[in-house]
Each structure stands twice: as structure tokens, then as C-alpha cells.
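> Prediction below, plus the sequence it came from.
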Amino acid sequence: MAVQRRRLVSVIGSGSPSPELYAQAREAGRLLALAGFGVVTGGLGGVMEAACRGACDEGGFTMGILPVVDRRHANPWCQVVLPTGMGQARNVLVVLAGEGALAVGGGPGTLSEIGHALKAGRPVVGLMSWELPGLIRHAEAVAAVAELLELLPR
């Protein structure tokens with residue numbers, strides 16, 4: 001008998017967001033957990049921490065794919081920690097681990113993750129994030145998560 005695989009969404013964004021972005025990322029993690037999706041992030045602070053924290057608030061699953069080799073750098077809401085030692089190259093792993101990606105704010109690292117996700121054919125929704133062709137944007141977590149869930153394969 002095969003096990004049922006857990007469905008994941010990648011949440012990407014700034015390691016040092018504004019309080020508003022942090023709150024939106026936490027709400028997004030909570031909403032994803034309520035919808036039955038696990039959250040995979042880069043495992044560090046900021047948006048990554050907030051999304052994991054929100055998912056944990058609802059008993060959801062969280063995974064952090066770290067750029068470093070020391071698992072102690074993971075935020076305290078990562079249930080599964082994968083230390084890679086790959087630096088920013090781990091961004092590809094973060095977005096490929098999810099069925100789609102939610103970009104929350106973010107700088108150049110988030111931009112690279114958006115590009116990798118789009119190139120891999122993953123749906124990407126922005127939450128107060130970059131304005132790019134192929135990126136659907138929203139100003140609130142509720143709308144952004146709802147849009148992303150509609151775009152995911154059934």
C-alpha cells in the first residue's frame with residue numbers, strides 16, 4: 001500500500017520583512033495549513049519564519065531548506081530541516097519542492113526564486129511582491145492564497 005504524499009507550497013520572501021509583510025506571511029502559512037498544504041521555505045527568518053509559524057499555528061507541516069550546513073540556523077517552526085550548504089543555489093530546491101509558490105515581498109533572492117519557479121512551470125502568486133510578467137499579484141494573504149490554490153494541479 002502506497003503512502004499518500006503530502007502536498008507542499010513554497011513560500012518565498014524577504015529574511016527581513018516589514019511587520020505588515022511578516023503578518024501577511026504568517027496568515028498565508030495559516031491559510032495553507034487549513035487548506036491541507038504543507039509549507040516549504042528557505043528555513044531562515046523573516047517571511048520564511050512567519051509562514052512556518054502560521055502553518056504550525058494550525059497544526060500544519062513545515063520544511064526548511066537551509067543555505068548552510070548547520071541546522072541550528074533554522075527557524076524554530078521548521079519541523080523538517082534540510083541543511084544543504086548550497087548557499088543561494090538552494091533557492092531552486094525550495095521552489096521545486098512545492099507545487100506552486102507564494103512570493104511575499106522580497107528582494108533579489110526572492111526574484112531569483114520567482115524566476116526559477118516560473119521557468120519550471122510552477123504557478124506563482126505574489127503577495128505585495130515584484131511586478132513581473134506571469135506573476136499574479138495581491139495585497140492580502142487571503143486573496144493570494146485563494147488564487148494560488150486555484151492554480152495548483154488537482
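The structure has been received and is ready for your questions.

> Now do the contacts for the closest residue to residue 100 other than its chain neighbours.
What sits nearest to residue 100 in space, not counting adjacent residues and going by Cβ to Cβ, 6 or more residues apart in numbering, is residue 123, at 4.2 Å. To be clear about C-beta, it is placed using only N, CA and C from the backbone, and glycine gets the same treatment. Residue 123 sits next to 99, 100, 101, 148, 151, 152 when contact means Cβ atoms under 8 Å, 6 or more residues apart in numbering.

> And residue 66, by the same measure?
Residue 66 sits next to 42, 43, 44, 73, 74, 81, 82, 83, 84, 90 when contact means Cβ under 8 Å, 6+ apart.

> Tell me the bridge partners for it.
residue 83 (DSSP bridges).

> And the pLDDT at it?
Looking at residue 66, its pLDDT is 98.

> List buried members of the contacts of residue 123 by neighbour count.
For the contacts of residue 123, a burial check counting by 16 or more other Cβ atoms under 10 Å picks out 99, 100, 101, 148.

> before we move on, the earlier item: what about the contacts of residue 66, which are in strands?
81, 82, 83 (DSSP state E).
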